[in-house]
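Undergrad: Here is my input, please return the structure:
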Amino acid sequence: MKYRFPSLLVFVMLSLIVFLSGCGSSKTASTTSSNPPTTSANSSAQTQNPSPLDTASKTANGQLTTPVVPAATSAPESMNISWVDAKSDVLNPIDDNLDGIMDGHFHLALQLPQPVMLESIFIRYSEFGKELRWDGIYNNHLTPAGYNLSVFENGILVPPGPDTGIKKSGQVDLDLFAAGLNNAKGRDTFSFDPGSHFQIELNYTTQAGEHKKWSANVISQ
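TA: Numbers count the residues shown, from 1 in each chain. This is a model prediction of the structure:
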């Protein structure tokens, strides 16, 4: 008996060590599995900063729709007249033949966002008791009442339109030549002296069928 007792005691102690080791492992595993999963920084950022699609409105069936932005209205017509010189003989008071008299040269710059029908251009002079007018007619339904006014675009004479005018759009640069006068019609003489005041009138029709008139003053130099 005294020789079996130590063996039995060793067996009991080994069994107790194995039992305690198994309990510790179970407790560790249980503790690890009970901790909640962590959330990444990227997931948090995505939640706080939604994508552009998230900001779009949704229809009743859940489809995404983008907001409708109203179209910008077109800019109005822009026009500018300037004096050039009186150093060229381009026409005579009745037609485009030369007569040896220097003609008044004006420059007309147009900015037309939408196409227009150019109907007529008038230049008027009203000083010192004189009433003079030069006509550039491009609407066949209008009758000229003044002296000859020739219009050139890129150095080419602009002919009258086929019916209600000539179509123009975008950036348009026109050179206007008003005939110099030497006893025209037996009464009118005019040589475009520096300091003379002129009024330019432009008549046109928009795409919407609206008739418009633009006028401005210019002084010869």
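
Undergrad: wait, isn't Thr189 in contact with Leu181?
TA: Yes - counting by CB atoms under 8 Å, Leu181 is a contact partner of Thr189 at 5.4 Å. C-betas here are computed from N, CA, C, even on glycine.

Undergrad: between those two, which one's more packed in?
TA: The neighbour count for Thr189 versus Leu181, taken as other CB atoms under 10 Å, is higher for Leu181 (22 against 11).

Undergrad: could you list every residue that touches the closest residue to the more buried one other than its chain neighbours?
TA: In this structure, Leu181 finds its nearest non-sequential neighbour in Phe190, 4.2 Å apart by CB to CB, 6 or more residues apart in numbering. Phe190 makes contact with Tyr125, Lys130, Leu132, Gly180, Leu181 under the criterion CB atoms under 8 Å, 6 or more residues apart in numbering.

Undergrad: try it again with 10 Å
TA: For Phe190, the contacting residues are 93, 101, 104, 125, 130, 132, 134, 147, 178-182, 184, 196, by CB atoms under 10 Å, 6 or more residues apart in numbering.

Undergrad: what does Phe192 give?
TA: 83, 85-87, 101-106, 125, 178, 180-181, 198, 220.

Undergrad: Scan the residues you listed and report the most crowded one.
TA: Of those, with other CB under 10 Å as the count, Ala178 tops at 29 neighbours.

Undergrad: bridging residues for that one?
TA: Judged by DSSP bridges, the bridge partners of Ala178 are Gly104, Leu149.

Undergrad: try Ile219
TA: Under the criterion used (DSSP bridges), Ile219 bridges to His197.

Undergrad: Next: Ile123.
TA: Assigned bridge partners for Ile123, using DSSP bridges, are Trp134, Ile200.

Undergrad: Would you mind confirming that it makes contact with Trp83?
TA: No - applying CB atoms under 10 Å as the test, Ile123 and Trp83 come out as separate, 11.0 Å apart.
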